[in-house]
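Asks: The following comprises the amino acid sequence and a computationally predicted model.
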Amino acid sequence: MPNAVDFDTYAEQFGGAIHLDFATQKPDTFSLYLSGYLQFINALSKQGLKNKRNETLSLQSGVTVELDSEAFAQRLGGRHYIGMSIGHFFSSVYLSSELFYRTRLFPNFGESPLLGGAVQEATSIGLAIDGSFWTEHAHVVGERILGVDVGDKTRVNYMLFLNYVMSILALHHELYHVVQGHCSVLNKLGLSGLVTEAKPYNIDPLYYKIAKKFELSADHASMTLLIRMILSDSDIHTATGKVNIPQRDRVRLAIIGAGLVSSSWFTLQQRSKISDKCHPDPRARFINFCMAARPELQTVQSAEFDDVIQLSIDDLASICVICNDLKIALDGINGGSFVDANDIDFEQNLPENVCELLDEEKYYY
Ligand SMILES: [Zn+2]
């Protein structure tokens, strides 16, 4: 592959890219939302980020045609690429639609669909949907979800926001693999520089510890950015006036989404043929997401956020009842004893040469 190609050419190795034409999208379609998220990432990457050697960040982002759920970041030929598969986006659409349209969960978020009548309640929900599911069932699922008359627009908006959270956390996470220099450092260590979320990206035990710290630091930064955007009302849906949800509920959904993303990635990793030691335990990831959110919420000095993290943990516990994947991934979520300080402490205990390389490769505004 020649140096510094565009995203379309890069994505050929994954079967091609999905074209999201910003100018011609119909309003209120999921593809419009997805293109909005990518516009946001592109805007961030164009803010003049430079590394220590005064090199400007060159970043391309997009969506691949793959139905298997995946998100990725890579440095290749001097340029960085980030993105997700359309399967990742579909899976979060599916999961958030099922939760809001077909269950009595979140009774305070709008009117439960069952109160309005004719919806058959979901008895079990899969957390991570694979490509074969979509090729076999996409038609039926699309009909069932899109055909449900939810009636209550509030519930639709909350569902859209949860889908937004799951997609933007993934894209932020990939962005920070680039901005924090992870892809470049992996390159320099003689690895491919391709970082993937649903499968392990290297199988050399020497690099497991480094990879886990990279994962946690990308999670931490992605959550910090998302909470800041919500608290400043600059998150995309609010900014475009599409969704009118109180800040407190948006924060609650952000934390629920973080639990769902860390658990669904874990479920997908479990399905891969190689055992994955690159990505941390989903419980450690979830706690790390919460640890990123807490100081941001404290800056607001409002009592309305005091109990919001605990409420989200309670919500996730309720989802566990109909989602066995989530139960397995987040087993004992309220116990607290599972937190491994070495996993969370991602700033320290990296080999010195890696710290030096990271500092050189990091991009700054
Ligand atoms: Zn990652």
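Replies: In hand now; what should we look at?
Asks: could you pull out the strands for the stretch 101-250 of the chain?
Replies: 194-196 (DSSP state E, counting those that start in this stretch).
Asks: Low-confidence ranges, it, go.
Replies: 114-119, 141-151, 203, 237-243 (pLDDT under 70).
Asks: just the helices in it please.
Replies: 131-147, 153-179, 182-188, 208-231, 236-239, 247-271 (DSSP state H, counting those that start in this stretch).
Asks: Can you work out which other helices and strands pack against the fourth one?
Replies: Okay, so that is helix 208-231. helix 153-179, helix 182-188, helix 247-271, helix 282-298, helix 341-344 (3 or more C-beta pairs under 8 Å, 6 or more residues apart in numbering; DSSP states H and E). Just so you know, the C-beta spots here come from the backbone N, C-alpha and C atoms, and that holds for glycine as well.
Asks: Report the angle between it and helix 153-179.
Replies: Orientation check (axes from the mean of the first three to the mean of the last three C-alpha atoms, to 10 degrees): helix 208-231 against helix 153-179 gives 140 degrees.
Asks: any chance of the helices and strands packed on helix 208-231 in a markdown table, with mean neighbour count and distance to Asp219 too?
Replies: A markdown table is the format used below for these (neighbours: other C-beta atoms under 10 Å; distance: least, C-beta to C-beta, whole Å):
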| stretch | mean neighbour count | distance to Asp219 |
| --- | --- | --- |
| helix 153-179 | 24 | 6 |
| helix 182-188 | 23 | 12 |
| helix 247-271 | 24 | 7 |
| helix 282-298 | 21 | 6 |
| helix 341-344 | 14 | 10 |
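Asks: Out of these, flag the one nearest Asp6.
Replies: helix 153-179 (16.5 Å; C-beta to C-beta).
Asks: mind putting the helices of the stretch 101-250 of the chain in JSON lines, distance to Val93 included?
Replies: Shown next, in JSON lines, are the helices of the stretch 101-250 of the chain (distance: least, C-beta to C-beta, whole Å):
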{"stretch": "helix 131-147", "distance to Val93": "8"}
{"stretch": "helix 153-179", "distance to Val93": "5"}
{"stretch": "helix 182-188", "distance to Val93": "28"}
{"stretch": "helix 208-231", "distance to Val93": "18"}
{"stretch": "helix 236-239", "distance to Val93": "15"}
{"stretch": "helix 247-271", "distance to Val93": "12"}
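Asks: can you tell me which residues contact Gln120?
Replies: Contacts for Gln120 (C-beta atoms under 8 Å, 6 or more residues apart in numbering) come out as Arg102.
Asks: Relative to Ala11, how far out is it?
Replies: Distance from Gln120 to Ala11, counting by C-beta to C-beta, to the nearest Å: 38 Å.
Asks: nearest to Asp307, of the helices and strands packed on helix 208-231?
Replies: Of the helices and strands packed on helix 208-231, nearest to Asp307 by C-beta to C-beta is helix 247-271, at 9.6 Å.
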